[in-house]
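**Q** predicted model, plus sequence, below.
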Amino acid sequence: MHRRSRYRRRTLAALGFLASVVALAALLTGGIVESSTPRSDVAGARAEPKTQTETEDSAQKDAPSLGESLKEAAEAQVRAEAKAEAERKARAEAKAEAERKARAEAKAEAEAEAERKAEARREAEAQREAEAERRAAAEREEAAEAAARSAERAESDPRAVARELMADYGWGEEQFSCLDQLWTRESNWDYTAENPTSGAYGIPQSLPPEKMAEFGEDYRTNPITQIEWGLSYIDDTYGTPCSAWSHSEATNWY
C-alpha cells in the first residue's frame, strides 16, 4: 500500500514537472523565434507571409524534439527519485544492521559476563567445599585421636570412664557403688572377659556379645563401647544400677 502511494506521488510530481517544462518550452520557443528573426525578414514576412501548411510543417518538425526532451526530463526525475529512495533504503538497512550487530555484541558480552560470574561462583564453592572437607578431616582425625586416648584410658581405668558416663543418666556415687559391685562380680571390669559356658562377653557380660554392636562395631576391643551399652541396658531393664544389683543378688544374674 505504501509502495503504491509513493509511486503515485512520484508519477504526479513527474507530470507536474512535465507540465511546467512544456509551458516553459512554449514561452522560450516563441521568444527565440521572435528574437532570431531579422527586421528585414520581418518586413519580408509581411510581404510574403508563410502559408498555413508551412507553419504546420515547421511545428511538426519541432514537436518530436520537444517531446523527447520532456520525456528525458521526466525519466531523469524518476531516476533521481529512485536513486534517492535506494540510498534512503540502503541507509536504513545499514542502520538496522549496525543496531543488530550492536545488540548481538551486547548479548555476547552479557553472556560472557554471566559465564565469568558463574565460573567465579563455582571456584568459590569448590574452595568452600575443599575447606569444609579439610576441617571435617581435621575434626575426624582429632576425634579419632581423642577416642584412642579414651580407649587407652578406659583399658587402664574403666571405672573412671563408667563414673563419667553415669552422669548422663543422673546417677551419682551411690549408684556407682552398686554398679561397681555388679560388674566386679560379672567380669571384674575386664573388657576381654568371656563366660566359657554361656558365651557372655565384656565388662557387662552381654549375651550374646553382638548386642553391644548397637553402640559400635568395636565392642570386642573397646571398653567404652561395652560400658555405654551396659549402662543403657541397665537403664532400660532395671532403671538404676542398684536395682540391677538387687536382682543379681537375688538370682545371681541380671
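**A** Done, it's in. As the structure is a prediction and not an experimental result, all values here were calculated from the model. Numbering: from 1, shown residues only.

**Q** going by C-alpha atoms from here, please, whenever you check contacts or count neighbours.
**A** OK.

**Q** just the buried positions in the strand or helix carrying Leu165, please.
**A** Using DSSP states H and E, Leu165 sits in helix 158-166. By 16 or more other Cα atoms under 10 Å, the buried positions in helix 158-166 come out as Pro158, Arg159, Val161, Ala162, Arg163, Leu165, Met166.

**Q** hang on, isn't Leu179 packed against Cys242?
**A** Yes - taking contacts as Cα atoms under 8 Å, Leu179 lies within contact range of Cys242: 6.9 Å.

**Q** what segments of this structure are helices?
**A** 2-35, 39-47, 52-156, 158-166, 173-187, 223-237, 241-251 (DSSP state H).

**Q** from the chain's centre, how far out does the longest one sit?
**A** Pointing back at helix 52-156 there. Distance of helix 52-156 from the chain centroid (Cα atoms, centre = their mean, to the nearest Å) equals 19 Å.

**Q** relative to helix 158-166, how tilted is it?
**A** Relative orientation of helix 52-156 versus helix 158-166 (axes from the mean of the first three to the mean of the last three Cα atoms, to 10 degrees): 130 degrees.

**Q** now stretch 111-127: average pLDDT?
**A** On average, the pLDDT along stretch 111-127 is 95.

**Q** brain fart, stretch 89-107
**A** Per-residue scores along stretch 89-107 average to 94.

**Q** quick check, Gly223 in contact with Arg153.
**A** Just so we're on the same page, residue 223 is Pro rather than Gly. No - assessed by Cα under 8 Å, Pro223 is found out of contact with Arg153, at 9.3 Å.
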